[in-house]
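J.: Mind folding the following:
(chains A and B)
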Amino acid sequence: MADTSLTDNNVAAPRHRDIGLKKRYAAERRFQFYGKLAIAFGLFFLALLLWTVVSKGYTAFQQTSINLDVTFDESVIDPKNERNENPMKLLTANYPKLAEAALYEKLGIDAEDKAGTKAADALISKGARAQLRDMLISNPELMNQTVNVWVLAAGEVDSAIKGQFDLSVDESRRKIKDNQLEMIEKLQQDGSLEGRFNTGLFTNGGSSRPETAGVGVAIIGSAYMMLIVLLTSLPIGVAASIYLEEFAPKNRLTDIIEVNINNLAAVPSIVYGLLGLAVFINFAGLPRSASLVGGLVLSLMTLPTIIIATRAALKAVPPSIRAAALGIGASKNQTVFHHVLPLAAPGILTGTIIGLAQALGETAPLLLIGMVAFVVDAPATPLDPATALPVQIFMWANEAERAFVERTSGAIIILLAFLAVMNITAIFLRRRFERRW
Amino acid sequence: MKSLKLALAVAISATAMTSFAHARDQIQIAGSSTVLPYAKIVAENFGETFPNFKTPVVESGGSSAGLKEFCRGVGAEFIDIANASRAIREKEIASCAEAGVTDIQEIRIGYDGIVFATDISGPDFALEPIDLYKGLAAKVVVDGELVDNPYKTWNEVNADFPEWEIAAYIPGEKHGTREVFEEKVLLVGCEEAGGLKARMDAGMDEDTSEKDCYAVRKDGAAVDIDGDYTETLSRIDANKTGMGVFGLAFYENNTDKLKVATMSDVVPTTESIAKGEYPVSRPLFFYVKKAHLGVIPGLQEYVEFFTSDDMTGPDSPLAEYGLVAAPEEEREMVREGFTSGKTM
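T.: Residues are numbered from 1 along each chain as shown, chains lettered A, B, ... in the order given. From the prediction side, this is the model:
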């Protein structure tokens, strides 16, 4: 090239140097446009996701209830007065009948009117049994007294009011009949039927009735699991990365370990489920469906994420810090624990929170260890059967009743809220404590 | 510090491992997702009726997965009951026996109807197995010859049907429902249409011909649904001229969106299935480990509660949800079989 240009005749003439300025600017503009397009694309789908979830799910936070004057009639609950000898009597009494009687009175239905009473009975949730039973047991003095209570309406009533049923189709094709709609309207007019804040959604466990189903057990299960993940994978992960980064000799063995850790981070989560089933349940004999096992499986899954994040954070601490500490006589151990680790802590914390958030949204490994289950009783310890939030979403998504559609979306909103809080905390911690060199 | 913590962690997990083999006070159930809604209703009512027992835990995951778990062994660390939407297979009984699970009690809880439904806005369909076979099979008989399925629209299959492009959403291979669809619909239709005979004439033996009748067209007209009925419903919502396969209970919960097709002129209802008039139905089961009775608190009571008329009779909550109650003599037989300790 140089040789030919030297012998070129035009070499001395003033020439227009074409350095492709226009083209390069255009390329940059094009790239920026593509970038913006990519972001717009992502934002569009995020907005779509949020819109579908929120528009379907916001109604789940309200649940229709009926206001009734329930009389705890002794002749219904314990006609032979045997509750002192037989405490089971109070537990198994016919409580729904009390609520039904109160509703007949409110609606002015004759108790002998078979069709009318049947239609009215179906308006009250079967969960009224437990509600009234618990009231009476916690306060035995209520016997023979009349109390004003809000009992849950049946799931179908709730769905009808929220417009989830197509009420224009023929009556025979509907879960809620015309005479029931009249009753609902009557109750609505005198203010004894209304949507109230759905605390049950947060406190109840699994239920086959949509109106009494909640994510309570799932939240406890997820909380236990996150705690276990934090307690096991954080110390192990940090210890492993400190050793690998600061102490281990750089040789072929550590290279192999590094490759394997990076590989582990990409292993499909179901594999950890299989491992958990084989090791924790079959070999170690831990109970099925327990959040302890779930937590341990998720710890295995989170470990590589934490190790990689921690190593990156340790690497980001400039060598001058280490050199200075060593220079004034600190031991290697003191250098690491007094200077390097505290400086790397924000990065480690961020990595841990992101790993936890990932673990919180995981379902596949839980399937194999029996946590995709219908659990009613709240787990007292991590050894009791429990489910997790994403599992609850999965199970509700498969339910036939219409009312579970909004509950599914409601549970997604709750899960997204938890994830958002965790990720915002991670960003906040990074901003607050990050050091730049 | 670190090593101390580590040692502590090891010690804790070691003691944990030894102390967990203790007795369990909660029934554990796993298995079919078809039986799951019924098992959930019974479990919940059981917990409410017997406050002295904990509510059983019911896992979902499929009949085969449940039975596999069930056959892993006897003891508190293994599940007590497997729900199944089909009868246990010989192979499974053998693998159970290998792990020491020998005394298995079979409980038949009732019947599940399988229905064909279209969007509510569509016309009525009066199906026959032969129509479904001609519409969905991979190979059909035309002029005595076995050829690749040529039909594109339903009215080509049967002139009474609308001119809808054939689009059927059928349960995927992993579902127990698929087996019923194959045996009660495809095979019956195949015989009627002469497909079985044509295959045997072509030199196949009876078994292979039957298996060949199960083959469903792969040109996109028949779509396997591996998810649950909610997925099938959303497919029909999106394609108003699609036809889907549902469980009766699911259909009854969505009658404002779906229109059910008759099969051989019988409308699928709990009554017509109980009488045996509607042809596409199957029994549902659960299996109990006899060795766990009396060991796991509440197990005996749970089985008795499940088989009682209060739960599985004609006016029970399960029937209300869509289970077809077995005839009275059969229910009585199931109860007797359980109390007498009959095993498989």
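J.: Need the pLDDT of A:Asn139.
T.: In this model, A:Asn139 is scored at 88, pLDDT.
J.: what sits against it?
T.: Not one residue lies near A:Asn139 by C-beta atoms under 8 Å, 6 or more residues apart in numbering or on different chains. Quick note: C-beta positions are derived from backbone N, CA and C, even for glycine.
J.: Distance-wise, check it relative to chain B.
T.: 17 Å (C-beta to the nearest C-beta, to the nearest Å).
J.: And the average pLDDT for the helix or strand hosting A:Phe202 is what?
T.: Using DSSP states H and E, A:Phe202 maps to helix A:200-203. Averaging pLDDT along helix A:200-203 yields 92.
J.: And the next helix-or-strand element following it, what's buried?
T.: Once the chain leaves helix A:200-203, the next helix or strand it forms, by DSSP H and E, is helix A:216-242. Residues of helix A:216-242 classed as buried: A:216-226, A:228-230, A:232-234, A:236-242 (neighbour count, 16 or more other C-beta atoms under 10 Å in any protein chain shown).
J.: just stretch A:81-98 next, same as before
T.: Buried-residue list, stretch A:81-98, by 16+ other C-beta under 10 Å: A:83, A:89-91, A:93, A:95-98.
J.: Need those residues in a markdown table (columns: pLDDT and distance to B:Val280).
T.: Converted to a markdown table, those look like this (pLDDT from 0 to 100; distance: C-beta to C-beta, whole Å):
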| residue | pLDDT | distance to B:Val280 |
| --- | --- | --- |
| A:Arg83 | 79 | 50 |
| A:Lys89 | 78 | 46 |
| A:Leu90 | 80 | 47 |
| A:Leu91 | 79 | 42 |
| A:Ala93 | 81 | 43 |
| A:Tyr95 | 88 | 40 |
| A:Pro96 | 87 | 36 |
| A:Lys97 | 88 | 39 |
| A:Leu98 | 89 | 43 |
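J.: and B:Glu106, what element?
T.: Going by DSSP H and E, B:Glu106 is part of strand B:104-119.
J.: how far is that strand from where the chain is centred?
T.: 6 Å (C-alpha atoms, centre = their mean, to the nearest Å).
J.: OK, contacts around B:Arg108?
T.: With C-beta under 8 Å, 6+ apart, B:Arg108 has these contacts: B:283-285, B:326, B:330, B:334.
J.: switch the cut-off to 10 Å
T.: By C-beta atoms under 10 Å, 6 or more residues apart in numbering or on different chains, the residues touching B:Arg108 are B:87, B:283-286, B:307, B:312, B:326, B:330-331, B:333-334, B:337.
J.: ok, and which of the buried residues of stretch A:81-98 reach chain B?
T.: A:90-91, A:95 (C-beta under 10 Å from any C-beta of the partner chain).
J.: which one of the residues you listed sits closest to A:Val53?
T.: Nearest to A:Val53 among those is A:Tyr95, at 36.3 Å by C-beta to C-beta.
J.: Am I right that that closest one is in contact with A:Leu132?
T.: Yes: taking contacts as C-beta atoms under 10 Å, A:Tyr95 lies within contact range of A:Leu132: 4.2 Å.
J.: who touches both of the two?
T.: The contact lists of A:Tyr95 and A:Leu132 share A:70, A:72, A:77, where a contact means C-beta under 10 Å, 6+ apart.
J.: after whichever strand in chain A runs longest, next one along is what?
T.: Determined from DSSP state E, the single longest strand within chain A is strand A:62-71. Next in sequence after strand A:62-71, counting helices and strands by DSSP H and E, comes helix A:74-77.
J.: got the CA positions of that next one in CSV?
T.: Extracted C-alpha coordinates of helix A:74-77, given in CSV (Å, rounded to 0.1, in the frame of the first residue of the first chain):
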residue,chain,number,x,y,z
GLU,A,74,-77.7,-24.5,71.7
SER,A,75,-80.4,-26.7,70.3
VAL,A,76,-78.5,-26.9,67.0
ILE,A,77,-75.0,-27.1,68.3
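J.: average pLDDT across that helix?
T.: Per-residue scores along helix A:74-77 average to 84.
J.: likewise stretch A:169-180?
T.: 83.
J.: any residues touching that stretch, and which ones?
T.: For stretch A:169-180, using C-beta under 10 Å, 6+ apart, the contacting residues are A:115-116, A:118-120, A:122-123, A:154-157, A:159-161, A:165-168, A:181, A:183-184, A:401-403, B:120, B:252-259.
J.: Could you pick out the buried ones from those?
T.: Of these, these count as buried by 16+ other C-beta under 10 Å: A:116, A:119-120, A:122-123, A:154-157, A:159-161, A:165, A:181, A:183-184, A:401-403, B:120, B:252-259.
J.: follow-up on the earlier one: can you confirm whether the longest strand of chain A lies near chain B?
T.: No: using C-beta under 10 Å from any C-beta, strand A:62-71 stays clear of chain B, with a minimum separation of 17.9 Å.
J.: What strand or helix carries the nearest residue to B:Asp212 once chain neighbours are set aside?
T.: Nearest residue to B:Asp212 in three dimensions, chain neighbours excluded: B:Arg199, at 5.6 Å (C-beta to C-beta, 6 or more residues apart in numbering or on different chains). B:Arg199 belongs to helix B:195-201 when elements are defined using DSSP H and E.
J.: rewinding a little: return the set of buried residues in the helix holding A:Phe202.
T.: A:200-201.
J.: any residues touching it, and which ones?
T.: Applying C-beta under 10 Å, 6+ apart, the contact partners of helix A:200-203 are A:60-63, A:65, A:125, A:127, A:131, A:152, A:207, A:211-217, A:219, A:378, A:407, A:410-411, A:414.
J.: about what we covered before: which of the buried ones among the contacts of stretch A:169-180 fall within helices?
T.: A:116, A:119-120, A:155-157, A:159-161, A:181, A:183-184, A:403, B:252-253 (DSSP state H).
J.: Indicate whether the top helix by length along chain A makes contact with chain B.
T.: If you go by DSSP H, chain A has its longest helix at helix A:21-57. No: using C-beta under 10 Å from any C-beta, we find that helix A:21-57 stays clear of chain B, coming within 12.2 Å at best.
J.: what about the helix or strand where A:Asn260 lies, average pLDDT?
T.: Using DSSP H and E, A:Asn260 sits in helix A:252-265. The average pLDDT for helix A:252-265 rounds to 91.
J.: Kindly export the very next helix or strand once past it (C-alpha atoms) in PDB.
T.: The helix or strand immediately downstream of helix A:252-265 is helix A:269-276, counting by DSSP H and E. C-alpha atoms of helix A:269-276 as PDB (Å, rounded to 0.1, in the frame of the first residue of the first chain):
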ATOM      1  CA  SER A 269     -33.100 -26.700  38.100                       C
ATOM      2  CA  ILE A 270     -35.000 -29.900  37.700                       C
ATOM      3  CA  VAL A 271     -31.600 -31.700  38.000                       C
ATOM      4  CA  TYR A 272     -31.200 -30.300  41.500                       C
ATOM      5  CA  GLY A 273     -34.700 -31.600  42.300                       C
ATOM      6  CA  LEU A 274     -33.600 -35.100  41.300                       C
ATOM      7  CA  LEU A 275     -30.400 -34.800  43.400                       C
ATOM      8  CA  GLY A 276     -32.500 -33.500  46.400                       C
END
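J.: Give me the contact list for helix A:269-276.
T.: Contacts of helix A:269-276 (C-beta under 10 Å, 6+ apart): A:264, A:267-268, A:282, A:286, A:293-303, A:358-359, A:362-369, A:371.
J.: mean confidence score for the longest helix of chain A?
T.: So the average pLDDT for helix A:21-57 ends up being 95.
J.: by contact count, what packs against that helix?
T.: helix A:403-433 (3 or more C-beta pairs under 10 Å, 6 or more residues apart in numbering or on different chains; DSSP states H and E).
J.: Might you report the residue contacts of the residue nearest to B:Asp212?
T.: Counted by C-beta under 10 Å, 6+ apart, B:Arg199 has contacts B:139, B:141, B:146, B:190, B:205-206, B:208-213.
J.: Quick check on those residues: which are buried?
T.: B:139, B:141, B:190, B:209-210, B:212-213.
J.: Dump those residues into TSV; add secondary structure as well.
T.: Formatted as TSV, these follow (DSSP: H, G, I helix; E, B strand; the rest coil):
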residue	secondary structure
B:Lys139	strand
B:Val141	strand
B:Cys190	helix
B:Ser209	helix
B:Glu210	helix
B:Asp212	helix
B:Cys213	helix
